[in-house]
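Enquirer: Here is a sequence together with a model predicted from it:
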Amino acid sequence: MPKVVVLLQPAAADWEMGHLLPFLRHYLGFDVWTATPDGRAIRTAGGLELDPDGLFDTADIAGADLVVLVGSDSWQTFDDDSLYARLRQRVDAGKATGAICAGTLALARAGILKDRPHSSNGAEWLAANAAGYEGEAFYKDVPHAVSDGVVITAGGLAPISFAIACAEAACGPREEISGFWSLCRAEFDALGHGTAKIRELGGAA
């Protein structure tokens, strides 16, 4: 059974993992293993209490099929050279590693983004919050996820494209993945640039 290790901080953003984890577990058969810095339960940004499977130090960073760092403001004050070294070794081995929103700070501090195409909440934001960040020339200012096939990054408002890119990096192109993308994008394609159709179909003025 393939395995995803999910690194979570207190106040983790529910929406950034809300599409990815059910899709990986329910449709692609992944075992989901969660970790927090100290192994203690956290409360997500949405108020849900999450009891992790373990802590960062015991997470199988090297062996998992996919590692995902979910955004939280707590990443801004977090620092762990040991974790950064393990993430670098994983990426150097060509193993799929995804980070969304503030989770990208860990990759930036690890030096992983210095020569890879990536996105986040802004290049200036990365530079201001990640000491030693040198990846400005490779930053992609786009509203969706960016992937080079190994490292997947996204800003905090791109959870669906992030989910798709992570699944593809871990599993390769699959019919289930393209099908999931088609299902998710249909909502936005139908609405276009506004929400007026919601009210119109509901009979609201």
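Expert: Yep, it's here. Numbering: from 1, shown residues only.
Enquirer: End to end on stretch 170-179, go ahead and measure it.
Expert: Length of stretch 170-179, first residue to last, CA to CA, to the nearest Å: 16 Å.
Enquirer: Might you report the residue contacts of the closest residue in space to Ile42 that isn't next to it in sequence?
Expert: In space, Ile42 comes closest to Pro10 once its chain neighbours are excluded; the distance is 4.6 Å by CB to CB, 6 or more residues apart in numbering. Yep, even glycine has a C-beta here, placed from its N, CA and C like the rest. Taking CB atoms under 8 Å, 6 or more residues apart in numbering, we find Pro10 in contact with 36, 42-43, 72, 74.
Enquirer: Swap in 10 Å and give it another go.
Expert: 36-38, 40-45, 50, 72-74, 78 (CB atoms under 10 Å, 6 or more residues apart in numbering).
Enquirer: Kindly provide the distance from it to Thr36.
Expert: For Pro10, the distance to Thr36 (CB to CB, to the nearest Å) stands at 8 Å.
Enquirer: overlap in contacts of the two?
Expert: Counting by CB under 10 Å, 6+ apart, the shared contacts of Pro10 and Thr36 are 42, 50, 74.
Enquirer: So which of the residues you listed is surrounded by the most neighbours?
Expert: Most neighbours among those, by other CB atoms under 10 Å: Ile42, with 20 neighbours.
Enquirer: Doesn't the residue nearest to Ile42 belong to a helix?
Expert: No: according to DSSP: H, G, I helix; E, B strand; the rest coil, the state of Pro10 is coil, so it is not within a helix.
Enquirer: how much space between it and Thr77?
Expert: Per CB to CB, Pro10 is found 11 Å from Thr77.
Enquirer: quick one: low-confidence parts of this protein?
Expert: 204-205 (pLDDT under 70).
Enquirer: do that again at 50, thanks
Expert: The model of the chain has no residue with pLDDT under 50.
Enquirer: Start and end of stretch 149-157, how far apart?
Expert: Stretch 149-157 has an end-to-end distance of 21 Å (CA to CA).
Enquirer: Which of the shared contacts of Pro10 and Thr36 sits closest to Leu66?
Expert: Of all those, Leu66 sits closest to Leu50, with 18.5 Å by CB to CB.
Enquirer: bridging residues for that closest one?
Expert: Ile42 (DSSP bridges).
Enquirer: Contacts only, for it.
Expert: 6, 8, 10, 12, 14, 34, 36, 41-44.
Enquirer: What ranges does the chain have for its strands?
Expert: Taking DSSP state E as the test, the strands found in the chain are 3-7, 31-36, 42-43, 49-50, 54-55, 66-69, 97-100, 146-147, 151-154.
Enquirer: Format those strands as TSV; extra columns: distance to Ser119.
Expert: Shown next, in TSV, are those (distance: least, CB to CB, whole Å):
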stretch	distance to Ser119
strand 3-7	19
strand 31-36	24
strand 42-43	25
strand 49-50	26
strand 54-55	28
strand 66-69	14
strand 97-100	9
strand 146-147	4
strand 151-154	5
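Enquirer: out of those strands, which comes closest to Leu201?
Expert: Nearest to Leu201 among the strands of the chain is strand 151-154; the distance by CB to CB comes to 30.5 Å.
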